[in-house]
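Visitor: what would the 3D arrangement of this be:
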Amino acid sequence: MSESSSLGRKGEDLAVSFLAGKGYQIRNRNWKAGKLEVDIIAETGEFIVFVEVKTRSADYLESPQNAVTTEKQRSLVLAADTYIRWHDISKQARFDVITVLAKGQTLTIEKHIEDAFYPTLR
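Guide: Predicted coordinates:
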């Protein structure tokens, strides 16, 4: 496993713990449908939540949430639509981004951005 994928996995582990601590039910991790993938799929009483986790080292120049490009958003929306149809989910969908910063061996949640973006038809 490469250093960056190992860091990403650790960031996702932290994000799962963070969400579970906030009362979210974790449904899936790294859910795939063909080329589509969602890091975390969680559920609250009101929402099915599709979460993109971005982990970066503290000295990385780009802010982690800026890495969730329009193309990545489209991919997440398509994956969410597929997941909702396959599992016959009637809850409202929400798209969140969790940013994790790594400084040495210490990882911290920088932000949990609820409703980070809204699905568009473009």
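
Visitor: every contact and neighbour count from this point should use C-alpha atoms.
Guide: Fine.

Visitor: just give me how far the strand or helix carrying Glu37 sits from the chain centre.
Guide: Taking DSSP states H and E as the definition, one finds Glu37 inside strand 36-43. Relative to the centre of its chain, strand 36-43 is centred 6 Å away, using C-alpha atoms, centre = their mean, to the nearest Å.

Visitor: mean confidence for it?
Guide: Average pLDDT, strand 36-43: 97.

Visitor: dump that strand to PDB, restricted to CA.
Guide: The C-alpha atoms that make up strand 36-43 are tabulated as PDB, following Å, rounded to 0.1, in the frame of the first residue of the first chain:
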ATOM      1  CA  LEU A  36     -18.000   4.900  -9.000                       C
ATOM      2  CA  GLU A  37     -17.000   5.000  -5.300                       C
ATOM      3  CA  VAL A  38     -18.100   6.600  -2.100                       C
ATOM      4  CA  ASP A  39     -15.800   6.800   0.800                       C
ATOM      5  CA  ILE A  40     -18.500   6.500   3.500                       C
ATOM      6  CA  ILE A  41     -22.200   6.000   3.400                       C
ATOM      7  CA  ALA A  42     -23.900   6.900   6.600                       C
ATOM      8  CA  GLU A  43     -27.400   7.400   7.900                       C
END
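
Visitor: tell me the helices and strands packed up against it.
Guide: For strand 36-43, the packing partners by 3 or more C-alpha pairs under 8 Å, 6 or more residues apart in numbering; DSSP states H and E come out as helix 3-21, strand 25-33, strand 47-57, helix 70-87.
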